[in-house]
Every structure is written in structure tokens, then in C-alpha cells.
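Engineer: Dropping a prediction and its sequence here:
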Amino acid sequence: MGNVHTFTSHVRSRYGILDASIDAATLETVEYVDMRNYDLVVFEALASAVVSASALTLKIWQATSTAGAASVSMTHALASAVSTATHATHCHLLQAQVRGEDLTAGYRYVGAQLSANASVPAPCAIVIHQMRGRYKQATLPA
């Protein structure tokens with residue numbers, strides 16, 4: 001018998017943000033997800049047609065609420081919480097991840113920000129993958 005598990009049985013993928021441009025702005029996920037029921041959260045940022053001499057940076061931030069209250073960057077705590085890509089004529093895929101034990105005491109929500117070192121009028125998006133549910137069960141928790 002083959003493997004009966006599917007991607008959606010183990011990973012809860014969520015909308016982060018989608019924008020036509022990261023032109024002179026920082027894009028931030030529309031919500032900060034709760035790590036109470038998940039041990040690993042992976043953020044993926046996609047961007048296309050990034051102009052020459054530009055660089056994109058994806059950073060994970062931790063917060064005290066889903067709205068991002070009291071958010072602070074995780075760059076000091078975990079090297080994989082930051083991903084940077086330089087210019088390309090095609091597409092960028094940046095990934096950054098955080099584990100529950102990497103959070104600072106008092107924080108349990110995580111979100112991501114995508115920023116550029118220069119004007120990048122390129123389509124971009126952030127997708128959130130919540131993984132490794134903390135409890136064995138038939139369906140993933142909210």
C-alpha cells in the first residue's frame with residue numbers, strides 16, 4: 001500500500017499577502033499566525049521581474065497578537081529567520097522558517113515582512129505554511 005498522506009494532512013497553508021508592487025514599501029503579512037498548535041512555520045515570498053541592483057529581504061517577526069502588536073524582528077535569534085535574494089530577470093523564491101522554541105518569552109505569534117533595498121515595481125506575494133501540529137489528530141487545528 002502506498003503513502004496515504006497528503007500535503008494538506010500535514011501542512012496548513014495560508015494567505016500572507018499579495019501585491020502588484022513592493023515599490024518603496026515594506027510588505028507585511030496581513031496577520032500574525034499563532035504558534036500555539038504548530039511547531040514550525042515556514043514563510044515563502046515570491047517576486048518576479050526584480051530590477052537590476054535591487055535586493056529583496058524576507059524577515060520573520062514575532063508578536064504578542066494576530067495584529068502584530070509589539071512585534072520585533074527575529075533576526076537576532078535565528079539565522080534561518082532571514083532570507084535575501086539579489087536581482088534577477090525571472091522569479092525569486094525566498095524562504096524563512098521559525099520553530100516554536102525560537103520565540104522570545106511572551107511572544108507566540110509570527111508574521112513576515114518583505115522589503116527591498118530600492119524601488120522594486122514587481123509582483124510579489126507571501127505564503128504561510130504552518131507545520132508539525134503539536135497534537136496528533138485527524139484534522140489540523142485552527
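Structural biologist: It's in.
Engineer: can you pull the pLDDT of H129?
Structural biologist: Note on H129: pLDDT of 92.
Engineer: That one - nearest residue in space that isn't next to it in sequence?
Structural biologist: Distances taken as C-beta to C-beta, 6 or more residues apart in numbering put V42 closest to H129, at 4.4 Å, once the chain neighbours are dropped. (C-beta placed from N, C-alpha, C; glycine too.)
Engineer: How many residues are close by H129?
Structural biologist: 20 (other C-beta atoms under 10 Å).
Engineer: how far away is it from V110?
Structural biologist: Relative to V110, H129 is positioned 12 Å away (C-beta to C-beta, to the nearest Å).
Engineer: Identify the contacts common to those two.
Structural biologist: Both H129 and V110 are contacted by V41, under the criterion C-beta atoms under 8 Å, 6 or more residues apart in numbering.
Engineer: circling back: how many other residues sit next to the residue nearest to H129?
Structural biologist: V42: 18 neighbours (other C-beta under 10 Å).
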